[in-house]
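Asker: Pasting the sequence and the predicted coordinates here, then a few questions.
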Amino acid sequence: MTVIDTQPPKANLNPLNWLKKNLFNNWYNTILTIISLLFIVWIFYSFINWAIPPAECLTKDNAPRICANYADWNAVTENMRLFFVGYYPEELLWRTWASFKIIVALSGFSWGIFSASSTLFNRATIIVLSVLGASYLTILFSVGFESQQYLVATLFIFAITTLIGKKLGTNLPDLKLWLPLVWFFNFFLVLWLLQGGLFLESVGLDNLSGIILTFLAAIVSIVLCFPFGILLALGRQSHLPIIRWLSTIYIEIIRGLPLIGILFMAQVMLPLVLPPDLRLSRVVRAIAGFTIFASAYLAENVRGGLQSVPRGQSEAAKALGLNGPLVLALIVLPQALRAVIPSIVGQFISLFKDTSLLAIVGLVDLLGISQSILLGNPEYNGRSVEIYLFVGFIYWICCYSMSLASRNLEK
Amino acid sequence: MSFWRNAKVLGIAAQVVVILLVIAILAFFGDNLIYNFQLRGLSFGFDFLQDSASFPIGTSLIDYDPSNSYLRAIIVGLLNSLIVMVVGIIVATILGVAIGIGRLSDNWLVKQIATVYIEIFRNTPLLLQLFFWYSIFLQLPTSKDPIVIPGSIFLSNQGLFFPWPAFDPVTWLALTLIILSIISAPILWRRRKLAIELTKSSPDNLPLRDRKEQLTILLITAIAVPLIVFFVLDWQFPNFDRDLGLIAGGANLSLEITTLIFGLAIYTGAFIAEVVRAGITSVSKGQWEAARSLGLKANLVMQLIIFPQALRVMIPPLTSEYLNLAKNSSLATAIGYPDIYSISFNISEQTGRSLEILLIVMASYLSVNLIISVAMNLFNKQVQIKER
Amino acid sequence: MKKIKLLTKYSSLLLIIGVLTFLGACRSRETQSTNSPSTVQTNNSRLNIIKERGKLICGVSGKLPGFSFVNQNGEYSGLDVDICRAVAAALFDDPTKVEFRNVSIQERFNALKTGEIDLLSRNATWTLSRDTDVGLEFAPVVFYDGQGMMVAKDSGISKLEDLRGRTICVKTGTTTLQNLADKMRKIDVAYTPLAIGDEDQLYNAFLQGRCQAITSDRSQLVGRRSNFPDPEDSVILDLILSKEPLAPAVVPGDPQWIDAVRWTVFALIQAEEFEITSENLGSFASTTDPTIKRFLGQEGSLGKNMGLTNDFAARIVKHVGNYGEIYDRNIGKPFDLDRNLNQTWSDGGLLYSPPFR
């Protein structure tokens, strides 16, 4: 039998035809196109007009009053340190740099190892890297000279560790399996570096602020909500009625409440239901709140995955003589989780965004710090658009690269 | 088979263990709670709800003044939340459907704009967006120099002032009439269509008497409603005192509620757009082609063939977006809109009854969510394929 | 099979880590519980907990210039902050042994009640219901304030009646909100409150003209105005809506700890009455005045009986100065605010310390 090529013939895509086909194929599309064009031009024109101030506004002192109508990006560049490390003591800043470099090095290393069997650059990594790289460059050009040096050095570290990872990964293919463990220990290393204690001057968990706090809260709650979420999902799927009811009640109640209420509950109620001598720090309580919240949602996602695994799979595994927990751990869960990777990533993204609520419960995360720069300092008062755009840009980069990565994982 | 490998026994044992564990945890928490309450001299009870609230609330749908009870203050907050949820859901749905269809448009430019919109607003935190919009809206002209829109509408950073009928008996009567006619119009229209279908003919072949009667009723309502709206209702126009820089009268949407609804709608709209897109793409392409080949126009295919089918897929995720919007409305507290959350926590601050207040707030949100879920489930049943 | 092997390897490793962290946690809980209030009945004052911890944890606002303000380098300054430092000085002879925590309006009382902070020095108004319903114990008043009203200079508003139909910015969860309601009900003026919890946002709303007036404690208005881009554009009306005695607070039922805080504040006031300052403290080493000798701990054992050292007052003055110095440093000089009620009784004010005897 011959294979019939079912692909449609490639359209002749010269620009004019393309325009005609995609923009002006009938009268209302033409109108739509014109309206959209006008809209885009208007947005771009007013944005550029605002974002690039005239020369006389670039001097710091005695800028004319008209400059209030233009952007003043100094409000962003002068506060770069606050955005990233918050109120971290200035003399201990090397610890934040060290943590950053360790994380970058390990990321490069992991990337190298993971692409040992294939090429370093494929469509997915190129897209994610270019998004991250563009933002890295933006930040690189808006910080002081000293930080620039560090940032460039970090880039080199990244490149070198990637190559090392690639080399090692080719020689020791088993290394891949131990990476999660390395990351696990790395987390505590970085936490120790940032927080202090044990040979290092203590900074304290509650004194972390800025993007450090955002990432800390997001990562820890994401990791912690995983086991709870899976347990709850299994519980809800269980054939044992009591376990099923309890899991269902928990999931449905938590999913019915606003996160801000749960965060407040974690701040106020948690100390009330714990023994008086057990005093959790505020960051830990906030993380507990996020975990309580996110595990209910994760459970629902995982449940969807569990339902998608055919019964035959577990029956076959049981027939082979595996016991219950092993069937779950080796056969059912891996398939279930793989099926719901997109929705789990989606949930991580929303959890990452939700960490901005820390600003309401009195912790100074990325959004909180932008508020305190903006409103607490007369110099930057009224520069809200610049600062919110920048902070939004950071959130967007993180969330968008996560969703890009997950979309490519799907493929 | 050994006793311990019996699945039934194991199952019961596991449940007993879990129950004991849960009871132990709850007992531990409860014990600590009681101990901590004693330690801090706190008490538990809801009798404080009858006390006078003694604080003012900026926006209220029902009469409220500071001498009213805490309970009433909470109800004011609940109503304030509900109005944001309802209006927010409506606006977000309209926006989301529009953007979602735009995302699938065959116009390249429209598709790109919709994509950019979705990617921007889905990937930044709602709270940040609310702060952003609020800071932008704050830069509207102050009340000294508002933007005047013809028809006595004033826009300033106090909010939007617009004409509104006074609430006297005439208004109530007129409103009832309008609502009645709005309800009766589609019923009449449907009866007319049914009659046409029964006679299997065009409207012209209907018995003349029927045709006339129905059309006259429809026509009368169509004329009467605008007449009532414009002349019978006692419109209160806002007026602007330039010397004092004060806008008074009419109705107003405060800047905070505007920001909140706007921000919630923009944010949720992006998610709804994705739901709509996924719903429409889930309808197989053959449906579209078959309908087109029957000679239906593109917009009719969308309206009659694709959308009804897509709706079935869309409703469950749409429900969860609506629930999210309802829950997210609690961010009102960040921009100073007196919703149930912010009013409750003001009360908790005044009275020190944090546990009671927390329970009240949670119960309110849970019931609102329950109502939305039940309503959407009913709707879902309506649109599902009726299997006979 | 390989998968299973790896799984067992992983789980055993995790198990070991888990056990280790659990042991670690147990140990740290043990050390904690030795100084917990529940286990040691005789030693259950917070004073002892703080002493063993080696630092005081003080809840402040961090956003109120003049009272407690944290600058970009994370340094705190202000009157509330200095009260905390004075307590730390009394306890440890070192004013830096204090950890400041920013607590928001919403959580300030809870932070205190849950034991997260030892002392709340966040210009809270002392009221009866806060003493009873909310359940706090207030130390002596450190600042006699009154609620004021600030408007834009060109608004033409000069009295409360002018606020008819206007929007007034006010903080949620404070007595300010209730005072405003009471006052406006009395004179029957309709207005729209805009209640926001975050101070920064509140003052921003006023600056942007969202509300035509803002009401708060006068001292706060003054402090905040100094931070405006154009302080001259706003005026504080010459009226007082309410009495606002601002005082530090602690959890009730702990006489030893409240005494320590109480007498620290009194020591600041008494030192000013004696005209002892941080600069001339040395010259009092050889004083013959028995009351001053007792005050500075050169005679008697006033401090010891309270669980502090005898020279606690001298320590306070040495490190943070007397009340007058604190006031001048934080409020008098920067904002040019008269002391009015906040003078010692001998100068016609309300500050009056019971005798140190």
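Answerer: Right, received. Where do you want to start?
Asker: switch to C-alpha atoms for all contacts and neighbour counts from now on
Answerer: OK.
Asker: Shouldn't residue C:124 be within a strand?
Answerer: Yes - with DSSP: H, G, I helix; E, B strand; the rest coil as the criterion, residue C:124 is assigned to a strand.
Asker: residue boundaries of the strands in the stretch 151-300 of chain C?
Answerer: Counting by DSSP state E, counting those that start in this stretch, the stretch 151-300 of chain C has strands at residues C:167-171, C:192-196, C:213-217, C:234-236, C:243-250.
Asker: Relative to residue B:44, tell me which of the ones you listed wins on proximity.
Answerer: When the strands of the stretch 151-300 of chain C are compared by Cα to Cα, strand C:243-250 sits nearest residue B:44, at 21.4 Å.
Asker: which helices and strands does the closest one pack with?
Answerer: strand C:119-125, strand C:137-138, strand C:143-152 (3 or more Cα pairs under 8 Å, 6 or more residues apart in numbering or on different chains; DSSP states H and E).
Asker: which non-adjacent residue is nearest residue 98?
Answerer: Answering for chain A, as no chain was given. Nearest residue to residue A:98 in three dimensions, chain neighbours excluded: residue A:193, at 8.0 Å (Cα to Cα, 6 or more residues apart in numbering or on different chains).
Asker: wrong chain, I was asking about chain C
Answerer: residue C:56 (4.5 Å).
Asker: go on, residue A:359?
Answerer: That would be residue A:368: by Cα to Cα, 6+ apart, it lies 4.5 Å from residue A:359.
Asker: Columns mean neighbour count, mean pLDDT and distance to residue B:148 on top of the strands of the stretch 151-300 of chain C, output as a markdown table?
Answerer: What follows is the strands of the stretch 151-300 of chain C, written out as a markdown table (neighbours: other Cα atoms under 10 Å in any protein chain shown; pLDDT from 0 to 100; distance: least, Cα to Cα, whole Å):
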| stretch | mean neighbour count | mean pLDDT | distance to residue B:148 |
| --- | --- | --- | --- |
| strand C:167-171 | 24 | 90 | 20 |
| strand C:192-196 | 23 | 89 | 22 |
| strand C:213-217 | 25 | 91 | 24 |
| strand C:234-236 | 19 | 90 | 27 |
| strand C:243-250 | 23 | 91 | 42 |
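Asker: hang on, the earlier thing: Validate this expectation: the residue nearest to residue A:359 resides in a helix.
Answerer: Yes - applying three-state DSSP, one finds residue A:368 inside a helix.
Asker: doesn't residue A:361 make contact with it?
Answerer: No - between residue A:368 and residue A:361 there is no contact under Cα atoms under 8 Å: 9.7 Å.
Asker: Looking at the two, which is more packed in?
Answerer: Between residue A:368 and residue A:361, counted using other Cα atoms under 10 Å in any protein chain shown, residue A:368 has the larger neighbour count: 25 against 19.
Asker: Let me see the contact set for the more buried one.
Answerer: Shown in contact with residue A:368 (Cα atoms under 8 Å, 6 or more residues apart in numbering or on different chains): A:210, A:356, A:358, A:359, A:360.
Asker: So residue A:164 is in contact with residue A:112, correct?
Answerer: Yes - between residue A:164 and residue A:112 there is a contact under Cα under 8 Å: 7.1 Å.
Asker: In terms of neighbours, single out the busier of the two.
Answerer: With neighbours defined as other Cα under 10 Å, residue A:164 and residue A:112 compare such that residue A:112 has more, 27 against 17.
Asker: circling back to that earlier point, in JSON lines, list the helices and strands packed on strand C:243-250 along with mean neighbour count.
Answerer: Compiled in JSON lines, the helices and strands packed on strand C:243-250 are given as follows (neighbours: other Cα atoms under 10 Å in any protein chain shown):
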{"stretch": "strand C:119-125", "mean neighbour count": "26"}
{"stretch": "strand C:137-138", "mean neighbour count": "22"}
{"stretch": "strand C:143-152", "mean neighbour count": "23"}
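Asker: Need the ones you listed in CSV (columns: distance to residue C:240 and mean pLDDT).
Answerer: Listed next are the helices and strands packed on strand C:243-250 as CSV, based on distance: least, Cα to Cα, whole Å; pLDDT from 0 to 100:
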stretch, distance to residue C:240, mean pLDDT
strand C:119-125, 15, 89
strand C:137-138, 23, 91
strand C:143-152, 5, 90
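Asker: what ranges of chain B fall below the confidence cut-off?
Answerer: Residue ranges of chain B with pLDDT under 70: B:1-5, B:39-41, B:196-212, B:214, B:232-233, B:385-388.
Asker: Please, which helix or strand holds residue 350?
Answerer: With no chain named, the answer covers chain A. helix A:341-354 (DSSP states H and E).
Asker: Correction: the question concerned chain B.
Answerer: helix B:340-351.
Asker: Does the helix or strand just after that helix reach chain A?
Answerer: Using DSSP H and E, the helix or strand that follows helix B:340-351 in sequence is helix B:354-383. Yes - between helix B:354-383 and chain A, judged by Cα under 8 Å from any Cα of the partner chain, the touching residues are B:354, B:355, B:358, B:362, B:365, B:366, B:369.
Asker: can you tell if helix B:354-383 touches chain C?
Answerer: No - if you take Cα under 8 Å from any Cα as the test, helix B:354-383 misses chain C, and the best it gets is 8.6 Å.
Asker: Can you report how many residues neighbour the closest residue to chain C within the stretch 51-200 of chain A?
Answerer: Going by Cα to the nearest Cα, chain C is nearest to residue A:87 of the stretch 51-200 of chain A, at 5.6 Å. By other Cα under 10 Å, 21 other residues sit near residue A:87.
Asker: Would you mind listing the residues in contact with the closest residue in space to residue B:87 that isn't next to it in sequence?
Answerer: Counting by Cα to Cα, 6+ apart, residue B:261 is the residue found nearest to residue B:87 once chain neighbours are left out, at 7.1 Å. Contacts here follow Cα under 8 Å, 6+ apart; on that basis residue B:261 touches B:84, B:87, B:88.
Asker: now residue A:352
Answerer: Listed by Cα under 8 Å, 6+ apart, the contact partners of residue A:352 are A:214, A:215, A:218, A:399.
Asker: hmm, try it at 6 Å
Answerer: Contacts for residue A:352 (Cα atoms under 6 Å, 6 or more residues apart in numbering or on different chains) come out as residue A:218.
Asker: that older thread, now, among the contacts of residue A:368, which is nearest to chain C?
Answerer: For these, the nearest to chain C is residue A:360 (8.6 Å; Cα to the nearest Cα).
Asker: Can you tell me, leaving aside adjacent residues, what's nearest to the closest one?
Answerer: Residue nearest to residue A:360 in three dimensions, not counting chain neighbours: residue B:334, with 6.8 Å by Cα to Cα, 6+ apart.
Asker: How many residues are close by that neighbour?
Answerer: Here the count is done by other Cα under 10 Å, and residue B:334 has 21 residues near it.
Asker: hang on, the earlier thing: from the residues of helix B:354-383 next to chain A, which is closest to residue B:6?
Answerer: Closest approach to residue B:6 among the residues of helix B:354-383 next to chain A (Cα to Cα): residue B:366, at 40.2 Å.
Asker: Relative to residue A:347, how far out is that closest one?
Answerer: 21 Å (Cα to Cα, to the nearest Å).
Asker: neighbour count winner among these two?
Answerer: residue B:366 (20 against 17).
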